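Student: model this:
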Amino acid sequence: MSSQHKNIVLLIADDLGQYAGCYGNRSIQTPNLDRLAAAGTRFDMAFASTASCSGSRSTIYTGLHTHENGQYGLNWFKTHFQTFGHVDSAPKLFNQAGYRTGIVGKVHVGSEEVYPWQIREESGTRDVAWVAERCEAFFDKAKADDMPFFLTVGYIDPHRDVATRGGFGNHEEQYGQRITIPNVKVEDVEVPRFLTNLRETREELVEYYKAINRLDTGIGLAYDALERQDLLDSTLLIFTSDNGPPFINSKTTLYDAGIHLPLIVRQPNAKPGLVNPNMVSFVDILPTLLDWAGLDSMLKTPDSKSPPRRGRSFLPILQSEELLDESKWPHHVFGSHTFHEVQNYWPTRILRTRRYKYHRNIAWRLDFPFAADLYASVAFEGMRNMTPPVMIGQRSLKDYIFRPSEELYDLEIDPDEVRNLAGEEKYQGLLLQFRESVSEWQRVTKDLWLYRDGQSVTVNARYAKDGLQIPDRLDFDVDNPGTKGVQMTKYLDVDGYSDGIMR
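Tutor: Prediction:
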């Protein structure tokens with residue numbers, strides 16, 4: 001293979017969170033992730049845009065938030081959300097550039113026309129040795145044909161299995177001698193602050209740890225395959241996870257436990273063992289891949305109607321161990337969550353700065369929904385049967401389920417996001433600033449969930465030419481519904497109907 005090729009391997013864990021030795025967890029065994037971090041750059045402030053499997057993967061592959069790319073929720077069974085057909089994706093762009101593209105393992109986005117990997121070996125196996133073998137076969141073929149390649153590996157671990165209430169696939173099948181599962185003891189696991197320290201929680205964490213170790217073994221096998229094929233010096237290697245751990249108060253929420261994730265990047269011939277403190281978003285990943293391949297000018301496929309990508313390449317700052325000035329790199333990220341399973345409708349938009357977190361909960365009058373596997377989990381059963389008041393980590397169960405229209409947290413003094421400052425007079429200026437920042441971002445991204453007066457401004461904008469005005473309040477006021485003497489919103493200028501984004 002030509003030394004001029006710029007290859008890419010993207011490794012995506014399923015429901016990992018920052019659970020690795022290199023991220024400070026001393027009780028877990030992740031020697032291969034630790035080795036990868038020692039050979040590359042570890043980002044400490046990397047954030048998914050959403051905390052659901054399909055949605056998060058779609059943001060990685062398209063550089064667009066889910067309300068832009070259409071992957072509102074899970075691409076699974078009757079849920080079956082799919083990315084809009086006009087959206088450009090990583091496999092489509094790299095196919096156009098003459099790369100061999102492939103995916104092994106979990107895919108979980110649709111449709112195949114939008115994500116046209118040339119080699120598609122979709123599998124739900126947790127046999128990470130088999131996964132590594134398929135990776136090496138892909139490398140062999142690309143070398144034989146002297147083609148640059150872009151391979152995505154979607155691991156199943158450490159997702160819960162779908163057949164049990166507390167299992168993580170540790171007894172599903174025999175994986176062979178290359179995969180050993182450690183003997184994890186209940187007393188050895190670390191219970192994170194977002195969970196309640198109960199026997200049931202610790203027992204599930206034991207199984208979770210085992211699945212993480214199996215994932216780590218798979219990372220090592222894939223790394224070894226690259227090294228054996230003499231490809232490390234020509235391959236950008238990225239590891240991340242789609243969302244946080246598969247426990248209540250994390251996955252499916254835009255609290256930090258659900259979206260503050262691992263991101264490790266090994267760039268050939270770069271200084272190893274760095275820790276980068278700058279904030280990056282998953283919408284930055286695709287621009288980074290294109291930049292590495294020298295395709296950063298490839299904004300769209302020919303005749304594309306895809307929206308402009310929102311992220312930027314972090315390749316120029318990859319080697320930075322210092323916090324960059326905000327004029328050089330942004331100190332904030334946005335997030336967008338609408339569905340998980342189709343019955344889990346609870347749209348939220350967030351702004352996360354280095355210190356503060358703002359949540360705009362659009363359907364806040366609805367109970368916050370449970371993902372099926374989290375509701376059914378043994379850990380949650382233990383928590384709900386506590387002597388009242390029932391606590392989910394540092395948050396009461398009542399506050400978990402019933403949330404206000406806006407939340408504002410000072411993460412410097414409240415990293416658990418439990419003291420809502422939105423109603424405090426002292427923070428009203430900051431609240432308004434963040435509300436407007438999120439609204440402007442929604443306007444620019446033509447978000448159908450840009451709401452005022454309880455209605456989608458983006459949908460109703462087509463009536464503005466006939467004189468419709470919408471009150472600037474967030475929610476409909478049934479006690480005072482009138483519009484006379486009420487301030488009207490300035491956001492009635494994004495006509496989603498005429499622009500075609502509703503069609």
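
Student: how does this structure divide into domains?
Tutor: The chain breaks down into these domains under automatic domain parsing: 7-317, 345-427.

Student: and those, which is most packed in?
Tutor: domain 7-317 (a mean of 20; mean count of other C-beta atoms under 10 Å). In short, each C-beta sits where N, CA and C put it, glycine included.

Student: end to end, how far does that one reach?
Tutor: 20 Å (C-alpha to C-alpha, to the nearest Å).

Student: run the chain-centre distance for stretch 446-461.
Tutor: Computed by C-alpha atoms, centre = their mean, to the nearest Å, the chain-centroid distance of stretch 446-461 equals 24 Å.

Student: now do the end-to-end distance for that stretch.
Tutor: OK, stretch 446-461 end separation, C-alpha to C-alpha: 11 Å.

Student: cool, and stretch 232-250?
Tutor: 34 Å.

Student: and the domains of the chain as JSON lines, adding distance to residue 433?
Tutor: Shown next, in JSON lines, are the domains of the chain (distance: least, C-beta to C-beta, whole Å):
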{"stretch": "domain 7-317", "distance to residue 433": "18"}
{"stretch": "domain 345-427", "distance to residue 433": "9"}
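
Student: want to try a markdown table for those domains, with distance to residue 454 and mean pLDDT as columns?
Tutor: Formatted as a markdown table, the domains of the chain follow (distance: least, C-beta to C-beta, whole Å; pLDDT from 0 to 100):
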| stretch | distance to residue 454 | mean pLDDT |
| --- | --- | --- |
| domain 7-317 | 18 | 95 |
| domain 345-427 | 9 | 98 |
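
Student: out of the ones you listed, nearest to residue 456?
Tutor: The minimum distance between residue 456 and those falls on domain 345-427, with 9.3 Å, by C-beta to C-beta.

Student: now do the end-to-end distance for that closest one.
Tutor: Chord length of domain 345-427, first to last residue, is 29 Å (C-alpha to C-alpha).

Student: likewise stretch 405-421?
Tutor: First residue to last in stretch 405-421 (C-alpha to C-alpha) measures 12 Å.

Student: hmm, who's touching it?
Tutor: Stretch 405-421 has contacts (C-beta atoms under 8 Å, 6 or more residues apart in numbering) with 193-194, 255-256, 355-362, 364, 393-395, 399, 404, 422, 427, 430-431, 434-435, 474-475.

Student: which ones among the residues you listed map onto strands?
Tutor: 356-361, 395 (DSSP state E).

Student: can you pick out the most distant pair from those?
Tutor: 360 and 395 (18.7 Å).

Student: quick revisit: which of the domains of the chain sits closest to residue 327?
Tutor: domain 7-317 (12.8 Å).

Student: other SSEs contacting the host helix or strand of residue 336?
Tutor: Here residue 336 sits within strand 332-339, counting by DSSP states H and E. On a contact count with 3 or more C-beta pairs under 8 Å, 6 or more residues apart in numbering; DSSP states H and E, strand 332-339 meets helix 53-62, helix 66-69, strand 274-281, strand 345-353.

Student: now with 7 Å, please.
Tutor: helix 66-69, strand 274-281, strand 345-353 (3 or more C-beta pairs under 7 Å, 6 or more residues apart in numbering; DSSP states H and E).

Student: can you add distance to residue 153 and give those back as a markdown table?
Tutor: Formatted as a markdown table, the helices and strands packed on strand 332-339 follow (distance: least, C-beta to C-beta, whole Å):
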| stretch | distance to residue 153 |
| --- | --- |
| helix 66-69 | 22 |
| strand 274-281 | 21 |
| strand 345-353 | 28 |
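
Student: gap between stretch 208-223 and the chain center?
Tutor: Worked out by C-alpha atoms, centre = their mean, stretch 208-223 lies 20 Å from the chain centre.

Student: err, stretch 314-326, not the other one
Tutor: 21 Å.

Student: again with stretch 241-255
Tutor: 9 Å.

Student: and the strands in the stretch 351-500 of the chain?
Tutor: For the stretch 351-500 of the chain, strands defined by DSSP state E, counting those that start in this stretch occupy the ranges 356-361, 391-392, 395-396, 406-410, 451-452, 455-456.

Student: adding distance to residue 439, write those strands out as JSON lines.
Tutor: Output for the strands of the stretch 351-500 of the chain, formatted as JSON lines (distance: least, C-beta to C-beta, whole Å):
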{"stretch": "strand 356-361", "distance to residue 439": "8"}
{"stretch": "strand 391-392", "distance to residue 439": "30"}
{"stretch": "strand 395-396", "distance to residue 439": "27"}
{"stretch": "strand 406-410", "distance to residue 439": "12"}
{"stretch": "strand 451-452", "distance to residue 439": "8"}
{"stretch": "strand 455-456", "distance to residue 439": "13"}
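
Student: which of those sits closest to residue 208?
Tutor: So among those, strand 391-392 is nearest, using C-beta to C-beta, at 16.9 Å.

Student: would you give the sheet partners of the closest one, along with the direction of each?
Tutor: Here strand 391-392 has these sheet partners by DSSP bridges: strand 395-396 (antiparallel).

Student: how much space separates residue 443 from residue 431?
Tutor: To residue 431, residue 443 is 19 Å away according to C-beta to C-beta, to the nearest Å.

Student: and residue 183, by the same measure?
Tutor: Residue 183 is 50 Å from residue 431, by C-beta to C-beta.

Student: how about residue 186?
Tutor: From residue 186 over to residue 431 the distance is 43 Å, taken as C-beta to C-beta.

Student: same thing with residue 416?
Tutor: Counting by C-beta to C-beta, the gap from residue 416 to residue 431 is 20 Å.

Student: now swap in residue 441 and tell me
Tutor: 16 Å.

Student: do residue 209 as well
Tutor: Taking C-beta to C-beta, one finds residue 209 at 40 Å from residue 431.

Student: longest helix anywhere in the chain?
Tutor: Taking DSSP state H as the criterion, the chain has its longest helix at helix 199-228.

Student: picking up where we left off before, could you check the angle strand 356-361 makes with the strand holding residue 336?
Tutor: 30 degrees (axes from the mean of the first three to the mean of the last three C-alpha atoms, to 10 degrees).

Student: so what strands line up beside strand 332-339?
Tutor: strand 345-353 (antiparallel).

Student: what does the strand it pairs with contact?
Tutor: 47, 254, 331-339, 357-363, 366, 368-369, 434, 437-438, 442, 449 (C-beta atoms under 7 Å, 6 or more residues apart in numbering).

Student: now do stretch 150-158
Tutor: 8-16, 94, 99, 101-108, 124-126, 128, 131, 135, 138, 168-169, 208, 211-212, 214-215, 218, 222.

Student: in strands, which of those fall?
Tutor: The members of the contacts of stretch 150-158 that map onto strands under DSSP E are 8-13, 101-105.

Student: now these in CSV, with distance to residue 293?
Tutor: Converted to CSV, these look like this (distance: C-beta to C-beta, whole Å):
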residue, distance to residue 293
8, 7
9, 13
10, 12
11, 17
12, 19
13, 23
101, 12
102, 15
103, 17
104, 20
105, 22
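
Student: closest one of those residues to residue 313?
Tutor: Of the ones in strands among the contacts of stretch 150-158, the one sitting nearest to residue 313 (C-beta to C-beta) turns out to be residue 8, at 13.0 Å.

Student: for residue 187, see how far away that closest one is.
Tutor: 41 Å.

Student: now do residue 131
Tutor: Taking C-beta to C-beta, one finds residue 131 at 32 Å from residue 187.

Student: same thing with residue 375?
Tutor: 27 Å.

Student: equivalent analysis for residue 224, please.
Tutor: 33 Å.

Student: same thing with residue 53?
Tutor: Residue 53 is 31 Å from residue 187, by C-beta to C-beta.

Student: no further questions, thank you.
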